[in-house]
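Q: how does the following fold in three dimensions:
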Amino acid sequence: MARLSFEKKRVPGPVAHPAAVPVRVYGAGGASVGGAAIVAAPGEEIQQAVLNHLQRLAISLGTPVRASIQDDRAGCVVPLEVSADGSSRVTGKAVRVARPEAPEFLRTPRGEFGPAPVMGAAVPGSAVASAAPVMDVPEPVVDLPAPLVDVPAPLVVAPAPVVGAPRPLTAAPAPASASAPRVPETTGWPTESVPATTATPTPPRGFDAVAEEVLGDGPVTETVEGAELLTEPMTRINEAVRAGRIEDAAELVERTVEEAVAVLGAGHAEVLHLRELAAYIAYLAGEPVRACRLSLDLARLRRTARDADAAYGNVQSASTAWRAVRDPEEGLRLGRDLIDLWADLAAEPGPAADDPRPLESARARMLRLTDRAGRTAEHGAA
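A: Residues are numbered from 1 along each chain as shown. Model prediction:
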């Protein structure tokens, strides 16, 4: 029986890159992406929070996202491309720019006040006010404290009480000299400039392939027995996802998996296909740990069946879910399982061996998670 997989339904086509998304990093704790405020989670670097947001955007679009990142900390603009698998690369040279004025909600009050109101003063143009007797009330004396520092431009940025606004700690200092500005040697973002690829795009894998089927209008099964048993429930599941009823979709897919296992068996192609859908819905429901584990289990089954293509697609799904895990300790546990399986696939002929860059990106994230876990343990001990 032919294997059922989301990847087999996809025909490579031209991918249109969206316009560059404007990104601005204000400081260590706050940024904005396309006008939406981004705040780093406790123990998370603002750079990683921005990259995670851009990755989720790339997943939703099904194509790499290009961004123009203005980093106030480094005083430069970096053109960057982020893929759905979490890998990123610069697409040009970093450009040094002068630090623009901070947004209104980030500016520090300067302590400047208007004149104190005069009690009993008539309102211009008011006949009633002019005819009324004016009481001889001594003018109140308001002893306003002078501002401590007459700051011509905001140097220290304090968080403002604005819902959803980023909360940077400090703004980037002004240049120390008037000499010709230079781009810093390290910007904190990828440094190697890689030209945009013009190669034929690869078919979507992992959650990208699942999303395309859910949003498409093609057949939802590929076997005769699957069509008879699963067409109606899978159509309802897809409709629930498209309508944003993720909880309903999760309940439907769980019940449908149980029924399919009872009729077809746990190893049937349609059952594996349903479990791919269940992992994707868990990811949409905000359960990245469960989505990652489901995808890893599927990848092991596919590898045992010597289906390298489908196994790599499940590994890509697991990687996407893993990058959404916030807890560093949980991320390290899942990451070890993911990278061990990924390395085994990369050592065998197949797409994992042909594309080593995402695996290296995952290993780099493990280093960052280890650092975050260490800092979290130190704060807990303190």
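Q: contacts, neighbours, all on C-alpha from now
A: Fine.
Q: strands of the protein, start to end?
A: 21-25, 30-33, 36-39, 65-71, 76-82, 88-90, 95-96 (DSSP state E).
Q: mind giving me a markdown table with these and columns for mean pLDDT?
A: Shown next, in a markdown table, are those (pLDDT from 0 to 100):
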| stretch | mean pLDDT |
| --- | --- |
| strand 21-25 | 88 |
| strand 30-33 | 83 |
| strand 36-39 | 77 |
| strand 65-71 | 88 |
| strand 76-82 | 86 |
| strand 88-90 | 81 |
| strand 95-96 | 82 |
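Q: just send those back as a markdown table, with distance to residue 358 too.
A: As requested, the strands of the chain are exported to a markdown table (distance: least, C-alpha to C-alpha, whole Å):
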| stretch | distance to residue 358 |
| --- | --- |
| strand 21-25 | 22 |
| strand 30-33 | 23 |
| strand 36-39 | 25 |
| strand 65-71 | 16 |
| strand 76-82 | 12 |
| strand 88-90 | 9 |
| strand 95-96 | 27 |
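Q: tabulate the ones you listed (CSV), appending distance to residue 266 and mean neighbour count.
A: Output for those, formatted as CSV (distance: least, C-alpha to C-alpha, whole Å; neighbours: other C-alpha atoms under 10 Å):
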stretch, distance to residue 266, mean neighbour count
strand 21-25, 44, 21
strand 30-33, 43, 22
strand 36-39, 42, 18
strand 65-71, 38, 23
strand 76-82, 37, 23
strand 88-90, 37, 21
strand 95-96, 55, 16
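Q: looking at these, which is closest to residue 247?
A: Judged by C-alpha to C-alpha, the one of those that comes nearest to residue 247 is strand 36-39, at 25.8 Å.
Q: show me the contacts for residue 64.
A: Shown in contact with residue 64 (C-alpha atoms under 8 Å, 6 or more residues apart in numbering): 17, 58, 81, 82, 83, 84.
Q: pLDDT score for it?
A: pLDDT for residue 64: 87.
Q: look up how far residue 80 lies from it.
A: 10 Å (C-alpha to C-alpha, to the nearest Å).
Q: quick one on the thing from earlier: among the strands of the chain, which comes closest to residue 239?
A: It's strand 65-71; of those, that one is closest to residue 239 (C-alpha to C-alpha) at 27.0 Å.
Q: ok and that closest one relative to strand 21-25, angle-wise?
A: Per axes from the mean of the first three to the mean of the last three C-alpha atoms, to 10 degrees, the angle that strand 65-71 makes with strand 21-25 is 30 degrees.
Q: only alpha carbons, please: show strand 65-71 as CSV.
A: Extracted as CSV, the C-alpha positions of strand 65-71 are listed here (Å, rounded to 0.1, in the frame of the first residue of the first chain):
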residue,chain,number,x,y,z
VAL,A,65,10.2,36.2,5.6
ARG,A,66,12.5,39.1,4.9
ALA,A,67,12.9,41.8,7.6
SER,A,68,14.7,45.1,7.9
ILE,A,69,15.9,45.2,11.5
GLN,A,70,16.8,48.5,13.0
ASP,A,71,18.8,47.7,16.1
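Q: which other residues reach that strand?
A: Contacts for strand 65-71 (C-alpha under 8 Å, 6+ apart): 17-26, 54-55, 57-58, 76-83.
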